[in-house]
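Q: next comes the sequence, and after it the predicted model I'd like to discuss.
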Amino acid sequence: MKPRTLVVIDQVAGEPVTLSEAKRQVGILDEQTEHDSLLSSAALAGRRLIEQRLGVALVQKQLRARWDAGTEVLSLPYTPLLSGQGLSVQIGDAVPLAAASYEVDVDARPVTVRLLVPATEDPMAEYWVGPDSPDDVDPLIKSALLMFVEHQFSHRGIMTNTGFQELPQGFEMMLAASSVSGAY
C-alpha cells in the first residue's frame, strides 16, 4: 500500500547532470555565466519530474514514509534502496522494530516491506534511496534529462506564437523505455 505521507529528511548534494554538461547541451561555453541559474533550475526540475514519473531516485536522499494503522505491506516509494544504508521500520512512536519483525523484497518494484507483527498504530519507515554515485544514473535517463534541459532553455515560456510547446517525443520515449513496465 502507498504511504499516507512521504517526507525527504536529507539529501546528498550533487545532481546527475552538472552545470557544465547542461551548458554543453545548449551550446554555451563554461565561461558564460548569465544562464547558470536558468540551466540549474531546469536540471533540478527535470530530475524531479523524472523521479516522479518513474518512481526512481536519481540522487541520494533519505525518506520518511507513514502508513495507516493496520497496513501489513508497506510499499516504499522510490528505488533503488541505497546499498549499505539502513532501513528503519517502527510502529507508532515505539522503538524501531528488529529486522526479524519484517521481510523486505528489494526485487519488487516498488520495494515492499511485509510486517510480521500487527500494526496497531501507524507504521513508519525511514530509508535511503538513490544511486551509489551520480555516475550510476542510467545513460538513457541522463540523456532524457539533458533533452529536458535543452527544451526548457529553448522554450522558456509555455506559449509561443504557434501554441503550446510540449516536451519532445524523444524525451517521452526515453522515459517509457526506462520504466519497469515500458510505460508510465
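A: Nice, I can see it.

Q: which residue is the nearest non-sequential neighbour of Lys142?
A: Spatial nearest neighbour of Lys142, excluding adjacent residues (C-beta to C-beta, 6 or more residues apart in numbering): Pro16 at 5.8 Å. Using the backbone N, CA and C atoms, a C-beta is placed for each residue, glycine as well.

Q: how about Leu6?
A: Ala65 (4.9 Å).

Q: who's in contact with the strand or helix carrying that neighbour?
A: Assigned by DSSP states H and E, Ala65 belongs to strand 61-66. Strand 61-66 has contacts (C-beta atoms under 8 Å, 6 or more residues apart in numbering) with 3-12, 74, 76-78, 85, 122-130.

Q: which of those residues count as buried?
A: The neighbour-count criterion (16 or more other C-beta atoms under 10 Å) marks 3, 74, 76-78, 122-130 among the contacts of strand 61-66 as buried.

Q: gap between the longest helix seen in the chain and the chain center?
A: When the chain is parsed with DSSP state H, its longest helix is helix 36-54. Per C-alpha atoms, centre = their mean, to the nearest Å, the displacement of helix 36-54 from the mean C-alpha position of its chain is 11 Å.

Q: between it and strand 61-66, how many degrees?
A: 40 degrees (axes from the mean of the first three to the mean of the last three C-alpha atoms, to 10 degrees).

Q: what's the spacing between Gln90 and Pro96?
A: Taking C-beta to C-beta, to the nearest Å as the measure, Gln90 falls 5 Å from Pro96.

Q: need the helices for this structure, in chain order.
A: Taking DSSP H as the criterion, the chain carries its helices at 19-26, 36-54, 139-154, 169-178.

Q: what would the buried ones among the contacts of strand 61-66 look like in JSON lines with pLDDT?
A: What follows is these, written out as JSON lines (pLDDT from 0 to 100):
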{"residue": "Pro3", "pLDDT": "94"}
{"residue": "Leu74", "pLDDT": "96"}
{"residue": "Leu76", "pLDDT": "94"}
{"residue": "Pro77", "pLDDT": "92"}
{"residue": "Tyr78", "pLDDT": "91"}
{"residue": "Asp122", "pLDDT": "95"}
{"residue": "Pro123", "pLDDT": "96"}
{"residue": "Met124", "pLDDT": "96"}
{"residue": "Ala125", "pLDDT": "95"}
{"residue": "Glu126", "pLDDT": "95"}
{"residue": "Tyr127", "pLDDT": "94"}
{"residue": "Trp128", "pLDDT": "94"}
{"residue": "Val129", "pLDDT": "94"}
{"residue": "Gly130", "pLDDT": "92"}
